[in-house]
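*Asks:* Model the structure of this input:
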Amino acid sequence: MMLPRFGFSQEPNTDSLRLILPTKVGKERVDILNQLATTLRERDQDATLAYSNEADSISRALGDSNGQSRALENIAWVYYRKGQWQKSFEYTAKAYDIAIKTEDKAQAARLMNNLGALYYEQQNYELAIKNFKKGYSLASEVNDPTTQVRSLNNVAFSFSQIEQLDSASFYAHLALQLKDSADSPYLASFAYRVIGDVHVKRGNYDSAEVVYRSFLDMAREQGVKSYEAGGLHRLGKVYLLSGKLDQAEEILLYSLKFCEENGFRDELSKSYRILSELYDKKGNIPLAYVHQSNFLKLNDELQGKTNKDRLALLQNMFQTNLKESELELLKAQYENQAYRLETSKRYIIFFAVAAVLIGVLGMRMYFLNKSVTSINNDLVAQQHKIEEQKRVLEDQSAQLKAMNETKSKLFSILGHDMRGPIAQVKSVVDMILAGHLERGEFDELLHVLNKDIDSVYFTLNNTLKWSMSQMDGFHVNRSVFDLSEVVNNSLKLLEQSFLEKKLTVFNHMPPHVDVYADQDLIEVVVRNIINNAVKFSNPEDSVTIFSETEEDWILWCVLDQGIGMSEEQIQLILSDSYSLTKSRLGTNKEKGSGLGLQLAKEFTRRCGGEITIDSHPGHGSRFWVRLPRRSLFLDSQPAVYQKAFKA
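*Replies:* Just a heads-up that it's a prediction; the model follows:
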């Protein structure tokens, strides 16, 4: 049985929120998306995931930590409702870390209830109750009645599972006393259900029947089908225990149909079990056997999945605790190292004083050997000159070798990446000329040929731009132009690639963003960076594009959720020299020449800008391109400016 969760003090009208959503941007849009997700997550989990993922993407781009924490919390709860506890734990842990860093006690209180629910699924009721009570304490500090009531409900439910009925009844009634302040009917209905469970375990079947009927009416009025499913089999069991067999049969058969239609497998399993007991009591052994068989089959499936999910969640929690222990060990090692450094400093001071004394004594010997030293200095100077000449020759040899290796790698990559598409085009043309290909067959191959030609064109264009940049006399033609227009044109060119992977593009750039650079070079930069984001994004991911304006600079950013890069790969891309290597395959096995990001780096720097990359394997990448808004001193002092960036 999973516990309820509602994050805001009241439930806004979802229709009104959906109506104003298209008019909102930035933080206002994040807040509305989070409100919609929180309101709908007990009723429409697919919509909740969509709203929360968009809120997470925008809040990360804006640096809105509170908005991101709320979005991650909603995602975690949806995975909890779906029974994917390991994912739920990962998202909850991320959201909790953000809440602690921003000192958001209200958010931390809500997340303590999420963690308590996960401990509950591990059947670790002691830790579950501890986390729920901590959530209640934090919510009380910030006067959040909704989270207070939710925490009390969860404590009551956990006590009912370990047969501490007095405690369960106390906390459930305490939750009902605060329900008017919380202004959420869901919380009140859950408290009634816990009270009904306590009545059943105490044998007060008439009282339990009244409470369960009220609970069912509230669930239907609120449209929460998961609550209705939980109430149906409970009321059926009370009828059975009270001897009202016909009423029990009627509501339990309806429960079977309702749970099957809505996919509530856990509640369906319980309905099968109670129906088996009912028919056994009626003496209808064949029907009792059928429902008992259905119960055993479904229960085995559910228990198998539950045990697997519990094991995965337990492993994840163990790894988290292990990381915390490792941090403590590192802290102790750091303190020990600091002590050793302090001791080393004392020794250094001691030996320095000793060295001074020895130096004074050595002055006498120095003057005695002055003539010998002069001769030695001449010899050393000659040796240094020879070594310097040798070093220059070695550097020139290394540069020549690197140039030859770059040329060989370039021809190898071009030969490998272009041979396949060109051979395929030639094969189709030969078949057309030979009359072996019908018009309909040609039309079917046309899309594939177009894709191959686009790939060859993209590779050739990058190669030509790279070759031109290596020539003496290559000139940068700077002017003021609209970066937004360049981005929009590139998105149109790459539209088919977005569609093939079903990627969602969030283009948050203003209509006009003027920069001072070479437009042709920046078009190559923009196209290659966006193409890189598409290439390494997983299907159905999102790509976010936005810009920020400083006094003299424009910061243009592309954020993806793809496979990410290691620190070594980032350093290789951003190094001052060319590092031409075979490009990694994309997530759909897309090939590349390895020139794209090298061109983006080189051309950005030639335009007086710089590229930085934030990325971690498995967590996507964020590319920042920094470009000047106006001339500054670029035209008059290009060498000084570029040298400053390389330094």
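*Asks:* measure the residue lying farthest from the centre of the chain to residue 377 for me?
*Replies:* In terms of distance from the mean C-alpha position of the chain, residue 368 ranks first, at 72.6 Å (CA atoms, centre = their mean). Relative to residue 377, residue 368 is positioned 16 Å away (CB to CB, to the nearest Å). Where C-beta positions appear, they are placed from N, C-alpha and C, glycine not excepted.
*Asks:* hmm, back to that, and the residue farthest from the centre of the chain, what is it in contact with?
*Replies:* Shown in contact with residue 368 (CB atoms under 8 Å, 6 or more residues apart in numbering): no residues.
*Asks:* Point to the helix or strand of the protein where mean pLDDT is at its lowest.
*Replies:* helix 638-646 (a mean of 34; mean pLDDT, DSSP states H and E).
*Asks:* Buried residues in the helix or strand where residue 188 lies, which are they?
*Replies:* According to DSSP states H and E, residue 188 maps onto helix 185-201. Within helix 185-201, the residues that count as buried by 16 or more other CB atoms under 10 Å are 185-200.
*Asks:* Relative to residue 442, which of the residues you listed is nearest.
*Replies:* Nearest to residue 442 among these: residue 186, at 60.6 Å, using CB to CB.
*Asks:* re earlier: who does the helix holding residue 188 touch, helix- and strand-wise?
*Replies:* helix 145-161, helix 165-182, helix 205-222, helix 225-241 (3 or more CB pairs under 8 Å, 6 or more residues apart in numbering; DSSP states H and E).
*Asks:* between the second one and helix 145-161, how big is the angle?
*Replies:* What that stands for is helix 165-182. With axes from the mean of the first three to the mean of the last three CA atoms, to 10 degrees applied, the angle from helix 165-182 to helix 145-161 works out at 160 degrees.
*Asks:* now helix 165-182 and helix 185-201, what's the angle there?
*Replies:* 160 degrees.
*Asks:* How far away from the center of its chain is helix 165-182?
*Replies:* 37 Å (CA atoms, centre = their mean, to the nearest Å).
*Asks:* which helices and strands does that helix pack with?
*Replies:* helix 145-161, helix 185-201.
*Asks:* Comparing those, which yields the minimum mean pLDDT?
*Replies:* Among those, helix 185-201 carries the lowest mean pLDDT, a mean of 81.
*Asks:* what does that helix contact?
*Replies:* 4, 6, 42, 146, 149-150, 152-153, 156-157, 160, 163, 165, 168-169, 172-173, 175-176, 179, 205, 207-208, 211-212, 214-215, 218-219, 221-222, 224, 227, 230-231, 234, 237-238, 241.
*Asks:* same thing but 7 Å
*Replies:* 4, 6, 42, 149-150, 153, 156-157, 160, 165, 168-169, 172, 175-176, 179, 207-208, 211-212, 214-215, 218-219, 222, 224, 227, 230-231, 234, 238 (CB atoms under 7 Å, 6 or more residues apart in numbering).
*Asks:* Just the buried ones from those?
*Replies:* Buried among the contacts of helix 185-201 by 16+ other CB under 10 Å: 4, 6, 42, 149-150, 153, 156-157, 160, 168-169, 172, 175-176, 179, 207-208, 211-212, 214-215, 218-219, 222, 224, 227, 230-231, 234, 238.
*Asks:* picking up where we left off before, possible to save the helices and strands packed on helix 185-201 as TSV with distance to residue 52?
*Replies:* Converted to TSV, the helices and strands packed on helix 185-201 look like this (distance: least, CB to CB, whole Å):
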stretch	distance to residue 52
helix 145-161	19
helix 165-182	23
helix 205-222	22
helix 225-241	19
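*Asks:* Just tell me which of these ends up closest to residue 91.
*Replies:* If we rank these by CB to CB, the stretch that ends up nearest is helix 145-161, at 18.3 Å.
*Asks:* what helices or strands is the closest one leaning on?
*Replies:* Helices and strands touching helix 145-161, as assessed by 3 or more CB pairs under 7 Å, 6 or more residues apart in numbering; DSSP states H and E, comprise helix 105-121, helix 125-141, helix 165-182, helix 185-201.
*Asks:* nearest to residue 512, of those helices?
*Replies:* helix 105-121 (37.4 Å).
*Asks:* quick one, that closest one and helix 145-161 angle?
*Replies:* 20 degrees.
*Asks:* Which other helices and strands does helix 105-121 contact?
*Replies:* Against helix 105-121 (3+ CB pairs under 7 Å, 6+ apart) you get helix 65-81, helix 85-101, helix 125-141, helix 145-161, helix 285-368.
*Asks:* The third one to helix 165-182, inter-axis angle?
*Replies:* Pointing back at helix 125-141 there. Using the same axes, to 10 degrees: helix 125-141 against helix 165-182 is 30 degrees.
*Asks:* Return the distance of helix 125-141 from the chain's centre.
*Replies:* That offset, for helix 125-141, works out to 27 Å (CA atoms, centre = their mean).
*Asks:* For residue 382, give me its contacts.
*Replies:* By CB under 7 Å, 6+ apart, residue 382 has no neighbours at all.
*Asks:* Now the host helix or strand of it: average pLDDT?
*Replies:* Per DSSP H and E: residue 382 is located in helix 370-433. Averaged over helix 370-433, pLDDT sits at 70.
*Asks:* can you check stretch 279-289 too?
*Replies:* 91.
*Asks:* what sits up against it?
*Replies:* In contact with stretch 279-289 (CB under 7 Å, 6+ apart) are residues 245, 276, 291.
*Asks:* Tell me who's in contact with the last one.
*Replies:* With contacts defined as CB under 7 Å, 6+ apart, residue 291 is in contact with 272, 275, 276, 279.
*Asks:* ok, the first one touching residue 293?
*Replies:* No - with the criterion set as CB atoms under 7 Å, residue 272 and residue 293 do not qualify as a contacting pair; they are 8.6 Å apart.
*Asks:* of the two, who's got more company?
*Replies:* residue 272 (24 against 12; other CB atoms under 10 Å).
*Asks:* What residues does the more buried one make contact with?
*Replies:* So residue 272 contacts 291, 294, 295, 298 (CB under 7 Å, 6+ apart).
*Asks:* at 10 Å instead, please
*Replies:* 233, 252, 255-256, 259, 290-299 (CB atoms under 10 Å, 6 or more residues apart in numbering).
*Asks:* and of the residues you listed, the nearest to residue 357?
*Replies:* Using CB to CB, the contacts of residue 272 come closest to residue 357 at residue 299, 86.6 Å.
*Asks:* My read is that the closest one contacts residue 266, right?
*Replies:* Yes - here residue 299 reaches residue 266: they are 9.2 Å apart, a contact under CB atoms under 10 Å.
*Asks:* rewinding a little: to residue 34, which of the helices and strands packed on helix 145-161 lies closest?
*Replies:* Among those, helix 105-121 sits nearest to residue 34 (CB to CB), with 10.9 Å.
*Asks:* from the chain's centre, how far out does that closest one sit?
*Replies:* With CA atoms, centre = their mean as the basis, the mean position of helix 105-121 lies at 20 Å from the chain mean.
*Asks:* Repeat that for stretch 517-530.
*Replies:* 28 Å.
*Asks:* Just give me how far stretch 489-503 sits from the chain centre.
*Replies:* On CA atoms, centre = their mean, the centre of stretch 489-503 falls 22 Å from the chain's centre.
*Asks:* swap that for stretch 92-108, sorry
*Replies:* The answer for stretch 92-108 is 16 Å, by CA atoms, centre = their mean.
*Asks:* Between the two ends of it, what distance do you get?
*Replies:* Its start and end residues considered, stretch 92-108 measures 10 Å (CA to CA, to the nearest Å).
*Asks:* If anything else comes up later, I'll come back, but that's it for now.
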